[in-house]
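1. Coordinates only, no sequence provided:
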C-alpha cells in the first residue's frame, strides 16, 4: 500500500511520497536558486519550510542550507541529517498530517508547480569519475574493437575499471548539445583531419552523487561505502566515437567525452531505493577482499532511452557487474579523497539482450546495423536535431521511484 | 640590469622584482588565509595593501579578493587586472618609490618573512588535466612498454594527447605522500594481489593555472589561448607504476595517479616568463591549423629533481614538443569549457640526454638500471622516507624567475 499524501499523486508519477528526490530550482518568474524536493506535480521549497521552522527537529534547521544554488551544503551534513529531513518531509506531506496541509498560506508558498520552475544543476561537482562496470557493454565493445583478442582485458573481472571525466561540462537535462569538432582519422584516410564528429553517440548510465567526503590517504571500506552516497541521477555520457577511436591510446578517452555530459535534475536518495536492493550478476573469479560486499549492492532500476519518438533501449541497473559500493571502495583504496558533490557514473548499462544495449555503438554494432525509428528513418549515429531522452525508475507495488529524465538535443556545428 | 627593490634580494633568489608570483598564505601564529606575492625572503600581503588603498589604481581594488583562501577570485578578473596589479606592485616595491618603503608601520604589516607563514594550496582547482607533451618521454615510455612496435602511437605527433586527472588530491608542496595500496600483478604472478605499491615514482612537470574560463561549446583559438593562462607551477605527478601497468587498459591511468599530485605554492605569472619565450622542438608533420601557433609558445625554464641529497634530473621545459598554447587550444577545440582554477600539467618533461629524463621509470629504465645516490645507496623506485624535491627557474641576466619548490616525502603504508 503506497504512502498517502495530501498532494495528489497518480500511480504512474515519478515522485510519490516514497521518493522525495532533491533538486535545485528557480522560479521562472525570477528569484534566487533554492533547494526543493519533488512531490507529484510539485516542488516543495525547503527554504520556505526551514524559514517557517518546520525543519526544527532536524540537525540542519536554520543553517540556510536550502537557499543555496547546490545541494552540497546539505549533503555534507551527512546521513543522519539526510534521514532526519526525509522523515520530517514524509510526515509533513502525509495525508493525515495537518501542519502544512491545513495552513493554506504556507502551503501556497511552499508547494510550487513544477511547470513554474527551472531546474538547475543540482550539485556543484567536485570530480567526475566514469566507471565501465557493465560486463555486457565491455564485452560488446571488446568484440567490436579487438575482434582477434579476448573481448575483456585481463583486469576487467578483477576491478571496476574507470577513468576521470570532466566536471566543468556536466550539464543539467535540457541543455542543448553542440556536436563537437575534433581530429578524426577514418581507417581509409592516410592522415587525420578536422571535422565535426560524424559518429555522435549517447551512453545510458546511473551515477552516484557523493554526499560525504573522505580523508586523503584513508580508504573507505566497502562496508561503509554507501554511507558516502547521497543519491543517484541518470547520466548520459555523450561520446564522439570517431574522435575517441583516434585519440584514446594510450591514455584513454578525452575530447571524445568531455564536450558534454547530461544528468537528470533530481537526485534520488539512496534511502528511496532501499526496497529495490538486489544482487548483481555473479562475480567470477571472486573479487579481492577489499571488493567483497557485506550485502547485495545492486538496485533494480529500469532505464529507457528514447531517440525522438522511438524507444531504442530498455535496460536495468541490476545488469551491472560491479556495484556502486564496489566502485566507491575501489576508487578510494589507494587513499584517493572524496568530496561532497563528486559524481561517479556506472558506465554504459547494457544487458544481455539486444534491446538492452545502452549506446548506439552497440545497438548499431559500430554503425554496421542501422536502427529503425518510428518515423521510418534510420540511424547509425545521432543526427543534428535529434533528441535523446533517458528515463529511469524503480517499480514498487502501486508506486514508482522515478528519476525524471535526462534529455538533450543535438545542435549543428561547423568547423 | 635587474630591477631594484628596497627589499633586499640576492642574485640567486627565486623571487626578484621581475617575478612576483602569487600564493595563498596563513601566519604560523594564526589568522585567516590571504593572498600574497613572494619578494626576496618576504611575502607581501596584498590584503594589507588593498585595505591601505594602495591598489586603488587597479580594477580589483576594494573587492576583498585578497582576503580569500584561493587566487580564483583575482584570477577571474582577467589579464588586464593581472597586469595592472603587477605594474602597481613593481612600482610599490621599487627602490626609488617611498610610498611603502618609508611608511614603516605599513611596511611591517605588509611584508612578512616567509619563515613566518604557511603556504597553502594557491588555487581552488576546477578540473585537473595532464598532458603527455614530451616527445622524449613518450618515446622512452613506448620503447619500454611496446618494444616490438613503433614507440609512438600514430596520433602522438598530430595532437597533444592528454587525460583527466583528479582535482581532489592535488596537494601543496610539503604534504606527506602516503604510499598507495592497490592491485598489482607482476608478469610472473598468475593472479593480481593487493599490496602497497612496489614501484612508486615521480614525474616532473610544469602546469598552467587557468585564470579566465571559457564558454561551453566555444573553442579558444590558439591565438587567444595564452590570455586564459594566469601562470605556472611545478607539478609532481606521483605514479605507482605497478598499479598503472595492471589497471590502465583500456581507459588510461586512474588509481595509479590519483592518490596524490604535488604542486609548488607560488604561481609564477605568465608575464614574468615573457623574456624566456622560445621555440620548442620542430614539429613534423606540421600540426592541423587549429594547432598552428602565431608565435613561439615555449619557455626556457630549467627543472631539477632531487632525491634526498642527490640531483637525479635536470631538464628544461623547452624540450616539450607541444606548447601550452597548443595544449589549451586542443583541450577546448571540442567546446570543452574552462573555469578559473583549472590546472593543466605538461606531462613528464624529459629531454634528449639521460640526465634529463623526468621520472624514475625512464632514469632506471623500468627499474632495470638502478641509479646511485650521494649516500652510496641505489634506487629503482622510491622508498619510504625518501624526499623528492623539484625546483624550476628561468635564468635572466643577473636575476632568476624562480618557482620555489615542490617537495614531498614518502610515508609507509601497510595493506
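-> Noted; the coordinates are in hand. Computed from a prediction, not measured in an experiment: that's the story for all the values here.

2. rest of the way, CA atoms for contacts and neighbours
-> OK.

3. Look up how far chain B lies from the residue of chain A most remote from its centre.
-> What lies farthest from the middle of chain A is residue A:190; by CA atoms, centre = their mean that is 39.3 Å. For residue A:190, the distance to chain B equals 11 Å [CA to the nearest CA, to the nearest Å].

4. Let me see the backbone angles for that residue.
-> When quoted as degrees, to the nearest 10, the phi and psi of residue A:190 stand at phi -70, psi -30.

5. for the one 5 residues further on, same thing?
-> Note on residue A:195: its backbone torsions stand at phi -160, psi 150 [degrees, to the nearest 10].

6. Looking at the stretch 1-150 of chain A, what residue ends up closest to chain B?
-> Per CA to the nearest CA, the residue of the stretch 1-150 of chain A with the smallest distance to chain B is residue A:127, at 6.4 Å.

7. Let me know how buried that residue is, in neighbour terms.
-> Number of residues near residue A:127 (other CA atoms under 10 Å in any protein chain shown) recorded here: 26.

8. what's the spacing between it and residue A:337?
-> 10 Å (CA to CA, to the nearest Å).

9. Find residues that contact each of those two.
-> residue B:168 (CA atoms under 8 Å, 6 or more residues apart in numbering or on different chains).

10. How about the residue of the stretch 1-150 of chain A closest to chain B: what's its closest non-neighbour residue?
-> Nearest residue to residue A:127, sequence neighbours excluded (CA to CA, 6 or more residues apart in numbering or on different chains): residue A:342, at 5.0 Å.

11. What score does that neighbour have for pLDDT?
-> Per-residue confidence (pLDDT) for residue A:342: 98.

12. Wait, it touches residue A:126, no?
-> Yes - taking contacts as CA atoms under 8 Å, residue A:342 lies within contact range of residue A:126: 4.7 Å.

13. Look at stretch A:266-283 and report the distance between its end residues.
-> 31 Å.

14. Buried residues, that stretch. List them.
-> A:266, A:267, A:268, A:269, A:270, A:271, A:272, A:273, A:276, A:277, A:279, A:280 (16 or more other CA atoms under 10 Å in any protein chain shown).

15. Which of those residues sits closest to residue A:404?
-> residue A:266 (6.9 Å; CA to CA).

16. which non-adjacent residue is nearest that closest one?
-> residue A:23 (4.9 Å).

17. Which strand or helix spans the one you found?
-> Under the criterion of DSSP states H and E, residue A:23 resides in strand A:22-27.

18. Residue A:48 too?
-> helix A:46-51.

19. so for that helix, what's the average pLDDT?
-> 98.

20. Quick check: what element follows that helix along the chain?
-> Using DSSP H and E, the first helix or strand after helix A:46-51 is helix A:72-76.

21. Select from the buried residues of stretch A:266-283 every entry located in helices.
-> A:270, A:271, A:272, A:273 (DSSP state H).

22. what's the distance between the second one and residue A:227?
-> By that I understand residue A:271. In terms of CA to CA, residue A:271 sits 11 Å off from residue A:227.

23. correct me, but residue A:240 touches residue A:201?
-> Yes - counting by CA under 8 Å, residue A:201 is a contact partner of residue A:240 at 6.0 Å.

24. So for these two, which residue has more residues nearby?
-> residue A:240 (28 against 22).

25. mind giving me the domain ranges of chain A?
-> Listed by automatic domain parsing, the domain ranges of chain A are A:22-120, A:128-411.

26. Can you lay out these as a markdown table showing distance to residue B:2?
-> Converted to a markdown table, the domains of chain A look like this (distance: least, CA to CA, whole Å):
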| stretch | distance to residue B:2 |
| --- | --- |
| domain A:22-120 | 49 |
| domain A:128-411 | 41 |
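
27. Check these for me and report the most buried one.
-> domain A:128-411 (a mean of 21; mean count of other CA atoms under 10 Å in any protein chain shown).

28. any idea how far that domain is from the chain center?
-> Distance of domain A:128-411 from its chain centroid, counting by CA atoms, centre = their mean, to the nearest Å, is 9 Å.

29. Quick check: the gap between the residue nearest to residue A:175 when sequence neighbours are not counted and residue A:200.
-> Spatial nearest neighbour of residue A:175, excluding adjacent residues (CA to CA, 6+ apart): residue A:408 at 5.9 Å. Distance of residue A:408 to residue A:200, computed by CA to CA: 13 Å.

30. re earlier: do you know how far the residue nearest to residue A:127 is from residue B:230?
-> Residue A:342 is 26 Å from residue B:230, by CA to CA.

31. Report the strands that pair with the strand or helix carrying residue A:410, each with its relative direction.
-> Residue A:410 is part of strand A:400-411 when elements are defined by DSSP H and E. Next to strand A:400-411 in the sheet, as set by DSSP bridges, lie strand A:177-178 (parallel), strand A:387-395 (antiparallel).

32. need the ones you listed in TSV with mean pLDDT, can you?
-> Converted to TSV, those look like this (pLDDT from 0 to 100):
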stretch	mean pLDDT
strand A:177-178	98
strand A:387-395	98
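
33. Can you list the residue ranges for strands in the stretch 301-415 of chain A?
-> Per DSSP state E, counting those that start in this stretch, the stretch 301-415 of chain A carries strands over the ranges A:302-307, A:310-316, A:343-345, A:371-372, A:378-379, A:387-395, A:400-411.

34. tilt between the last one and strand A:302-307?
-> Strand A:400-411 and strand A:302-307 are oriented at 20 degrees to each other (axes from the mean of the first three to the mean of the last three CA atoms, to 10 degrees).

35. Quick one: end-to-end distance for stretch A:217-234.
-> Start-to-end, stretch A:217-234 (CA to CA) is 30 Å.

36. same check, this time on stretch A:235-248
-> For stretch A:235-248, the end-to-end distance is 21 Å (CA to CA).

37. what's in contact with it?
-> By CA under 8 Å, 6+ apart, stretch A:235-248 touches A:180, A:182-186, A:197-207, A:253-257, A:259-264, A:345, A:361, A:390, A:406, B:155, B:161, B:251.
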